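Peer 1: build me a structure from this.
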Amino acid sequence: MAINIGPQGVIDNSAQWIGDPTGLQGPQGKTGDKGYQGDTGPQGDTGPQGDTGPQGNTGDKGLDSTATGDTGEQGYQGDSGSQGDTGEPSTVQGDTGEQGDKGDPGNTGEQGDTGDQGDTGEQGDTGDPGTFTDMDPTFTTVTTTGNVTVGTSQNSADLTVTDNIHMYDENFIGIGDSEERILFDTSGSIKMYNGSNPTTTVKLGVNCNPSYPLQVSKGSSNPSYVGLFQNAGTASQKGLKIQIGSSATSVGMEIFDSTNSICGSVAGYGATNTIAFIQGSDERLKSNIKDTDWQGLEKINNIKLRQFDWNKSGAHIDIGVVAQEMQDIIPQAVTKPEEELDENGEIGDDNKWGITISEIILPLVKAVQELSAKVDVLENN
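Peer 2: Numbering: from 1, shown residues only. As a prediction, the model looks like this:
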């Protein structure tokens, strides 16, 4: 229902309201200032998820993740793996080839050793001295041309002797013209001179016309040795002595091939009491010179160092190598015989394997270079 509010009365002098104390409602006052915000109330329950919004625009394309970076430097080659097992031999035999031509006859074998000399018989009684006219003409012949033969066999030489010759002098025997040129003295020495000047060089050749004071030659078809210097006896015996000049360039021995081209030499240095084995290495004698691709470190690591006993003497060696084991590692250091055994089925002087130790020096140098390069890489990293 509606309520009407009457006009407000007034207060008289006695402070009493006259009329209705409630007056008419005045106009609405202005809105007061906004009060301070109260504390945040507790969070309400999460509402249901709204609908999925529309898909956003596609972003810019990123960097290509499949792009390949620059290729790094190639690393050092790793060590070679162990050699694989030897494959099974084939059981299929190939067809027999045609028979080859008959080979040339082999070289004549070496002459056998001279047998021991028999005992010397007792010396007979000395005969009476004779004269030239007393000699039996059967054994002494003088021809009309002046040729003299002593013995039963005569030829056209000026002097032919078919038996031993004994010529005696007080101190020596001399053969020559006005001066003895070949002397056989009482000490057993044989001396050769060039006339009256003993300092002049004479030449002695065996199977050759000598160009040097001593020159020995033999046929190329004979595989035996040219000479032998033997001093048999105890271990303290010495073999061959070579004396050269005192210069630093004095050469004690030079070795040449069949074309007379030098292969190397042995030099002695008196000032330092040393010798040097010199190999030919002249740049002018070489071609196709370039850096080697030989793997020195791999080769050196594959060398098998052994200890062993020598069959002949029983001497023990603490460290060494076996030639057959070196053949596949450093073949240029191995001397391999053409035949494993001689004609008697034995190991002869020409059937032995050998090692040239100096041929291992350059592989050692190459191995050190490779190690040095690896150290440099490690230090730089």
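
Peer 1: does Leu378 belong to a helix, a strand or coil?
Peer 2: Three-state assignment for Leu378 (DSSP: H, G, I helix; E, B strand; the rest coil): helix.

Peer 1: next: Asp79.
Peer 2: Looking at Asp79 with three-state DSSP, the answer is coil.

Peer 1: try Glu370
Peer 2: Once three-state DSSP is applied, Glu370 turns out helix.

Peer 1: can you offset everything so residue one is 8?
Peer 2: With the count now opening at 8, the last piece we talked about shows up as Glu377.

Peer 1: so it makes contact with Leu304?
Peer 2: Yes - in this structure, Glu377 is within contact of Leu304 by Cβ atoms under 8 Å, at 4.5 Å. Every C-beta, even on glycine, is put in place using the N, C-alpha and C of the backbone.

Peer 1: in the stretch 208-357 of the chain, which spans are helices?
Peer 2: If DSSP state H, counting those that start in this stretch is used as the criterion, the helices of the stretch 208-357 of the chain fall at 303-309, 330-333.

Peer 1: check those for me and report the most buried one.
Peer 2: Burial among these, expressed as mean neighbours by mean count of other Cβ atoms under 10 Å, is greatest for helix 303-309, which shows a mean of 17.

Peer 1: residues contacting that one, please?
Peer 2: Outside helix 303-309, the residues within contact range by Cβ atoms under 8 Å, 6 or more residues apart in numbering are 86-87, 336-337, 369-378.

Peer 1: one more: stretch 335-348?
Peer 2: Residues contacting stretch 335-348 (Cβ under 8 Å, 6+ apart): 306, 309-310, 330, 333-334, 354-355, 357-364, 366-367, 370.

Peer 1: how about stretch 248-264?
Peer 2: Outside of stretch 248-264, the residues within contact range by Cβ under 8 Å, 6+ apart are Ile269, Cys270, Gly271, Ser272, Val273, Ala274, Gly275, Tyr276, Gly277, Ala278, Ile282.

Peer 1: next one, pLDDT for the residue lying closest to the fifth one once chain neighbours are set aside please.
Peer 2: Distance criterion Cβ to Cβ, 6 or more residues apart in numbering; nearest residue to Val273, sequence neighbours excluded, is Met260 at 4.3 Å. Per-residue confidence (pLDDT) for Met260: 86.

Peer 1: and what of Thr148?
Peer 2: For Thr148, the model assigns a pLDDT of 65.

Peer 1: confidence score at Ile323?
Peer 2: One correction, residue 323 is His, not Ile. Per the predicted model, pLDDT is 96 at His323.

Peer 1: about what we covered before: would you write a PyMOL line that selects the buried entries of the contacts of stretch 248-264?
Peer 2: To isolate in PyMOL the members of these that are buried, counting by 16 or more other Cβ atoms under 10 Å, one can use:
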select buried, resi 272+274+275
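
Peer 1: in this structure, which strand is the longest?
Peer 2: Ranked by residue count, the top strand of the chain under DSSP state E comes out as strand 269-276.
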